[in-house]
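Q: Predicted model follows, preceded by the sequence.
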Amino acid sequence: MVMPQPGSATTNEPGEVTFLEFTALEDRAGTCQIGCFQEAGQHCEDGMRATLIVET
Ligand SMILES: [Cu+2]
């Protein structure tokens, strides 16, 4: 799980982009779903989700 540092959360306007940088462990290569889980997961339900592919 990757969590932004406390106090670093941003609010984007439609069309704005936020970049999160992290290092994935090699043995964790694969595909997973990512999402925003604010408001008890409602953001994810509303479409704030994506597929993350980690390749080696
Ligand atoms: Cu959200």
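A: Structure's in. What do you need?
Q: Would you mind measuring from residue 36 to residue 50?
A: The gap separating residue 36 from residue 50 is 10 Å, by Cβ to Cβ, to the nearest Å. In this view, the C-beta of every residue, glycine as well, is placed from N, C-alpha and C.
Q: For residue 51, give me phi and psi.
A: phi -100, psi 130 (degrees, to the nearest 10).
Q: Any idea what it is bridged to?
A: The bridge-partner assignment for residue 51, based on DSSP bridges, gives residue 33.
Q: Now do the same contact list for it.
A: 31, 32, 33, 34 (Cβ atoms under 8 Å, 6 or more residues apart in numbering).
Q: And what about the first one, helix, strand or coil?
A: I take that to be residue 31. Going by DSSP: H, G, I helix; E, B strand; the rest coil, the secondary structure assigned to residue 31 is strand.
Q: count of residues packed around it?
A: Neighbour count of residue 31, defined by other Cβ atoms under 10 Å: 9.
Q: hmm, back to that, tell me which two in the contacts of residue 51 are the farthest apart.
A: 31 and 34 (10.4 Å; Cβ to Cβ).
Q: List the residues that are in contact with both of these two.
A: Common neighbours of residue 31 and residue 34 (Cβ under 8 Å, 6+ apart) are 51, 52.
Q: could you pull out the strands for this protein?
A: Per DSSP state E, the chain carries strands over the ranges 30-35, 49-54.
Q: Make a markdown table from those strands and add distance to the ion to it.
A: Output for the strands of the chain, formatted as a markdown table (distance: least, Cβ to the ion, whole Å):
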| stretch | distance to the ion |
| --- | --- |
| strand 30-35 | 8 |
| strand 49-54 | 9 |
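Q: any chance of these in TSV, plus distance to residue 17?
A: Shown next, in TSV, are those (distance: least, Cβ to Cβ, whole Å):
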stretch	distance to residue 17
strand 30-35	15
strand 49-54	12
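Q: and the ones you listed as JSON lines, adding mean pLDDT?
A: Listed next are the strands of the chain as JSON lines, based on pLDDT from 0 to 100:
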{"stretch": "strand 30-35", "mean pLDDT": "91"}
{"stretch": "strand 49-54", "mean pLDDT": "92"}
